[in-house]
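A.B. asks: Sequence below, structure please.
(one chain, ligands or ions: 1)
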Amino acid sequence: SGNIICSLRRNLSSSSRLRSSMPAWVIDEYGNNGVLRFTEDATAPSVNSASEVLIQVHAASLNPLDISMRGGYGSNLLKLRRDPVSLGQNGGEFPIILGRDVSGVVLDCGSGVTHFKPGDEVWAAIPPWKQGSLAEMVNLTEYEVSHKPRSLSHREAASIPYVAATALSALVNAGGLCRNNCTNKRVLITGASGGVGTFSIQLLKAWGAHVTVTCSHNAEGLVRGLGADEVVDYTVGDVATELGLLEKFDVILDNVGGDSEQWALGLLKSWSGAKYVTLVTPFLLNIDSMGLLEGAVHSGLNLHQKAITNMCNGVFYRWGFYAPDGPALDEVSQLVDAGKILPVVEDTFLFSQVPLAFQKVERGHARGKTVVTVA
Ligand code: NDP
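C.D. replies: This next block holds a predicted model:
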């Protein structure tokens, strides 16, 4: 790792936008942590269209998705999204750069970019089909980028965008919540001690909702500190029974999946527009195992059947997904600068320690986010 640090210092100190190669962590095949490879010669991105923004990465963070993508999760659909004409061609997607969050500085902009200029401090959640932030530079479209909160360092800021974009998409688009309709709404968040959960608690409290969460006993202090009103320890007793003793909910954001789907829907208020939104969906897994067409059809039928069954019981069943949305991050940026949303950084790793950061996230039991400082 000494060599890596030396080469990083050398490379990062020279002008980024003039070079055709850059330091990055890449994978050339899917697998365990052994497939992560540091290189000084990854292809450097450059602005190729009017709407693009080239960013120098100062900090990145890891999500469970990075661990899954390292192992090939989602590869069938993501390959197609990256390059529709390469359908069926194996291995054409490599080398892949992982890392879905960036906080950094704008280096260059396309001629049509109106909201950003070189030197601006920005943050973004990078779509999984694009090259990621475990690199010196990343290229995004203007719509995906937002001005970073002034009150946060790059290290702190990198902990927020991907979980924020996911939570906003799930709570707003699927859950029907927004800053103007949360007063008197009761929301349950399962798996609240991780990245999405710690962000969602704060967002919902800023919007005025009443928030109940599930987590392990040793995360109770963390989630209460972030504003959770009621905390149920899922490691003691039967979590479904405990939650069943409480008043019913308007929205459930499920970060855990598995058997929670069996009991969570019964905790919703009936016939009042209440919604269950799960982030743990079989969509990409189905496409990985069955292929594009069959996987998509199977997923669609599965979702439709559950939605209809639950509609008959007076509640909505929905899948939540990350969606790139720079303007939504602008709103988050304001909440952060107003002190209403705090970054929750559990661990920080140097760029030379990326494999250790992956090991940390892969062990699970996250308490907020794992960040990687790049520059
Ligand atoms: P994290 O790994 O950061 O957090 C998961 C948290 O859940 C951990 O704190 C863990 O702590 C806790 N947990 C585990 N089991 C339970 C349980 N049975 N009850 C309550 N808490 C539990 O994940 P993220 O917050 O980043 O993501 C949450 C989920 O959403 C993941 O499955 C992720 O893959 C998915 N996701 C889906 C997206 C989409 O587009 N559909 C986008 C982003 C995330 P402990 O084990 O110590 O209790």
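A.B. asks: residues in contact with the closest residue to the ligand within the chain?
C.D. replies: Distances between the chain and the ligand by C-beta to the nearest ligand atom are smallest at Gly194, namely 1.7 Å. For glycine as for every other residue, the C-beta is placed from the backbone atoms N, C-alpha and C. The contact partners of Gly194, by C-beta atoms under 8 Å, 6 or more residues apart in numbering, come to 255, 366-368.
A.B. asks: so which of these is the most crowded?
C.D. replies: Neighbours here mean other C-beta atoms under 10 Å. Within those, the largest count is held by Asn255, at 28 neighbours.
A.B. asks: Which residue is the nearest non-sequential neighbour of it?
C.D. replies: Of all residues not flanking Asn255 in the chain, Gly191 sits nearest, at 3.3 Å (C-beta to C-beta, 6 or more residues apart in numbering).
A.B. asks: Could you pull up the contacting residues of the one you found?
C.D. replies: 197, 214-215, 254-256 are the contacts of Gly191 under C-beta under 8 Å, 6+ apart.
A.B. asks: tell me, which of those make contact with the ligand?
C.D. replies: The subset of these within reach of the ligand, counting by C-beta under 6 Å from any ligand atom, consists of 197, 214-215, 255-256.
A.B. asks: For Asn76, give me its contacts.
C.D. replies: Residues in contact with Asn76, defined by C-beta under 8 Å, 6+ apart, are 284, 287-288, 291-292, 295.
A.B. asks: and what of Asp238?
C.D. replies: With contacts defined as C-beta under 8 Å, 6+ apart, Asp238 is in contact with no residue.
A.B. asks: Name the residues that touch stretch 199-208?
C.D. replies: Counting by C-beta under 8 Å, 6+ apart, the neighbours of stretch 199-208 from elsewhere in the structure are 160, 163-164, 167-168, 171, 177-179, 182-183, 185, 187, 189, 192, 211, 213, 223, 226-228, 253, 332, 335, 340-342, 344.
A.B. asks: again, only using 7 Å
C.D. replies: For stretch 199-208, contacts defined as C-beta atoms under 7 Å, 6 or more residues apart in numbering pick out 160, 163-164, 167, 171, 177, 179, 182-183, 187, 189, 192, 211, 213, 223, 226-228, 253, 335, 340-342.
A.B. asks: of those, buried ones?
C.D. replies: The neighbour-count test (16 or more other C-beta atoms under 10 Å) marks 160, 163-164, 167, 171, 177, 182, 187, 189, 192, 211, 213, 223, 226-228, 253, 335, 341-342 as buried among these.
A.B. asks: and the gap between Gln202 and Ala296?
C.D. replies: As judged by C-beta to C-beta, to the nearest Å, Gln202 and Ala296 stand 35 Å apart.
A.B. asks: likewise Lys79?
C.D. replies: With distances defined as C-beta to C-beta, the gap from Lys79 to Ala296 amounts to 14 Å.
A.B. asks: Narrow the contacts of Gly191 to those that are buried.
C.D. replies: By neighbour count, with 16+ other C-beta under 10 Å, those hold 197, 214-215, 254-256 as buried.
A.B. asks: Of these, which belong to helices?
C.D. replies: Using DSSP state H, the members of the buried ones among the contacts of Gly191 that fall within helices are Gly197.
A.B. asks: Can you pick out the most distant pair from the buried ones among the contacts of Gly191?
C.D. replies: Using C-beta to C-beta, the buried ones among the contacts of Gly191 reach their maximum pairwise distance at Cys215 and Asp254, which is 13.2 Å.
A.B. asks: So which of the buried ones among the contacts of Gly191 are in strands?
C.D. replies: Where the buried ones among the contacts of Gly191 overlap with strands, as defined by DSSP state E, the overlap consists of 214-215, 254.
A.B. asks: could you redo these as TSV and give each row pLDDT?
C.D. replies: Formatted as TSV, these follow (pLDDT from 0 to 100):
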residue	pLDDT
Thr214	98
Cys215	98
Asp254	98
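A.B. asks: on that earlier part again, near the ligand, from the buried ones among the contacts of stretch 199-208?
C.D. replies: Filtering the buried ones among the contacts of stretch 199-208 for neighbours of the ligand using C-beta under 6 Å from any ligand atom leaves Val163.
A.B. asks: so of the buried ones among the contacts of stretch 199-208, which ones are in helices?
C.D. replies: Among these, the members falling in helices are 163-164, 167, 223, 335 (criterion: DSSP H).
A.B. asks: Give me the contact list for the helix or strand Trp25 falls within.
C.D. replies: Secondary structure from DSSP states H and E places Trp25 in strand 21-27. Residues from elsewhere that reach strand 21-27 (C-beta under 7 Å, 6+ apart): 7-8, 11, 35-44, 70, 94-98, 134-137, 354.
A.B. asks: Filter these down to the buried ones.
C.D. replies: Neighbour-count burial (16+ other C-beta under 10 Å) applied to the contacts of strand 21-27 gives 8, 35-36, 38-39, 42, 44, 70, 95-98, 134-137, 354.
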